[in-house]
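[1] fold the following for me, if possible:
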Amino acid sequence: MVDTADAIGKARDAVTRRAELPGMSLMEHLDELRRRIVRSALYLFCGFIVAYLFHERLYGLVELPLNALHIQLNYTHPMDPLNLYLQVSLIGGAIIASPFILYQVWLFISPGLYQKEKRFVVPFMVATVGLFLCGASFGYFFVLPGALKILIVGFGAKFHSIITIEEYTGFFLSIILGLGISFELPILIFFLAMFGIVSPRFLWKNIRYAILAVFLVAAIICPSPDPGTMCIYAVPMLGLYVLGIGVAWWVHPSRKRKKEETAQ
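    Numbering: from 1, shown residues only. Modelled structure (predicted):
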């Protein structure tokens, strides 16, 4: 009986969606995608130019965790310093341009959403940028300094460290970008739940596998093998998963159908 009602609700949603959404051919979708990509690239280029004007200050932020340990970066190729400035300017430019790029992403996917769902554009942009900055800040202020202290001062205490620009930049970006992207988990769940791909019940039922996956990721990024330190990295990601369950309950189509049936 429940399955029949759910099937009827899904069919009704499909009919409503077809009535609300404008039809687009494959070529129109591809042309729209090309337009959004071109505009996003232009925004990224403008952000890069702005960030490059402050590349010395951006480099100072990248170097700050090493300065706290009184370690100076070295380079083995004449292009390494320029590559470092270009990389930090590109990352800084991407952060500057992220609201505009995300708006292009939203404009591309918005034709596939209900009119009521399009009101999420501002919360989507704020949450996406905010969660990424929270993850990057967590990595910059907690994970990266802890990792450098344990690896260099701890395990490498008996050795002379020669850290090159290329190696440090890769290590820095892997932590900052990795945690920034991992903090986008509620946004991913938001869209999966909105389109009915996952449900709050499914997420809660499989939470044990989510916990396992979170601790595997924490073990990879954690510089220390002790469980206490690993838990420090895992707890925020678990909190984001639980937050994602709440988001899924809020936007899942089944909840909307229940509200409509109750209103009737």
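[2] in the stretch 51-200 of the chain, where is pLDDT below threshold?
    In the predicted model, the stretch 51-200 of the chain carries pLDDT under 70 at residues 112-117.
[3] show me where it has helices.
    Taking DSSP state H, counting those that start in this stretch to define them, one finds helices in the stretch 51-200 of the chain at 55-67, 80-109, 121-138, 144-148, 165-182, 185-194, 200-205.
[4] select, out of these, the one closest to Leu33.
    Distance to Leu33, taken as Cβ to Cβ, is lowest for helix 80-109 among the helices of the stretch 51-200 of the chain, at 6.4 Å. Placement of C-beta: from N, CA and C, glycine included.
[5] sorry, back to before: and the helices of the stretch 51-200 of the chain: which comes nearest Leu42?
    helix 80-109 (9.0 Å).
[6] rewinding a little: could I get the helices of the stretch 51-200 of the chain as a markdown table with distance to Ile220 and mean neighbour count?
    Shown next, in a markdown table, are these (distance: least, Cβ to Cβ, whole Å; neighbours: other Cβ atoms under 10 Å):
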| stretch | distance to Ile220 | mean neighbour count |
| --- | --- | --- |
| helix 55-67 | 20 | 15 |
| helix 80-109 | 21 | 18 |
| helix 121-138 | 15 | 17 |
| helix 144-148 | 12 | 20 |
| helix 165-182 | 9 | 18 |
| helix 185-194 | 16 | 20 |
| helix 200-205 | 23 | 15 |
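[7] could I get the ones you listed as a markdown table with distance to Glu28?
    A markdown table is the format used below for those (distance: least, Cβ to Cβ, whole Å):
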| stretch | distance to Glu28 |
| --- | --- |
| helix 55-67 | 40 |
| helix 80-109 | 12 |
| helix 121-138 | 21 |
| helix 144-148 | 45 |
| helix 165-182 | 31 |
| helix 185-194 | 22 |
| helix 200-205 | 33 |
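[8] how near is the spatially most central residue of the chain to Gly135?
    The chain has Ile181 as the residue nearest its centroid, 2.9 Å off, counting by Cα atoms, centre = their mean. Using Cβ to Cβ, to the nearest Å, Ile181 is found at 7 Å from Gly135.
[9] ok, Leu66 next?
    Applying Cβ to Cβ, the value for Leu66 to Gly135 is 21 Å.
[10] out of the helices of the stretch 51-200 of the chain, which gets nearest to Ala234?
    Evaluated with Cβ to Cβ, the helices of the stretch 51-200 of the chain place helix 165-182 nearest to Ala234, the distance being 10.9 Å.
[11] what's the angle from that closest one to helix 121-138?
    140 degrees (axes from the mean of the first three to the mean of the last three Cα atoms, to 10 degrees).
[12] for stretch 66-74, buried residues please.
    Leu66, Ile71, Leu73 (16 or more other Cβ atoms under 10 Å).
[13] so what's the gap between it and the chain middle?
    29 Å (Cα atoms, centre = their mean, to the nearest Å).
[14] endpoints of it, how far apart?
    12 Å (Cα to Cα, to the nearest Å).
[15] contact partners for the nearest residue to Ile207 once chain neighbours are set aside?
    Distance criterion Cβ to Cβ, 6 or more residues apart in numbering; nearest residue to Ile207, sequence neighbours excluded, is Tyr241 at 7.3 Å. Tyr241 makes contact with Leu185, Ile189, Leu203, Ile207, Ala210, Val214, according to Cβ atoms under 8 Å, 6 or more residues apart in numbering.
[16] closest to Gly130 among those residues?
    Distances from Gly130 to the contacts of Tyr241, taken by Cβ to Cβ, are shortest for Leu185, at 13.4 Å.
[17] what is the burial count for the closest residue to that closest one other than its chain neighbours?
    Spatial nearest neighbour of Leu185, excluding adjacent residues (Cβ to Cβ, 6+ apart): Leu240 at 4.8 Å. Leu240: 21 surrounding residues under other Cβ atoms under 10 Å.
[18] also Cys231?
    Counted with other Cβ under 10 Å, Cys231 comes out at 13.
[19] any idea what it is structurally, helix, strand or coil?
    At Cys231 the chain is in helix, as set by DSSP: H, G, I helix; E, B strand; the rest coil.
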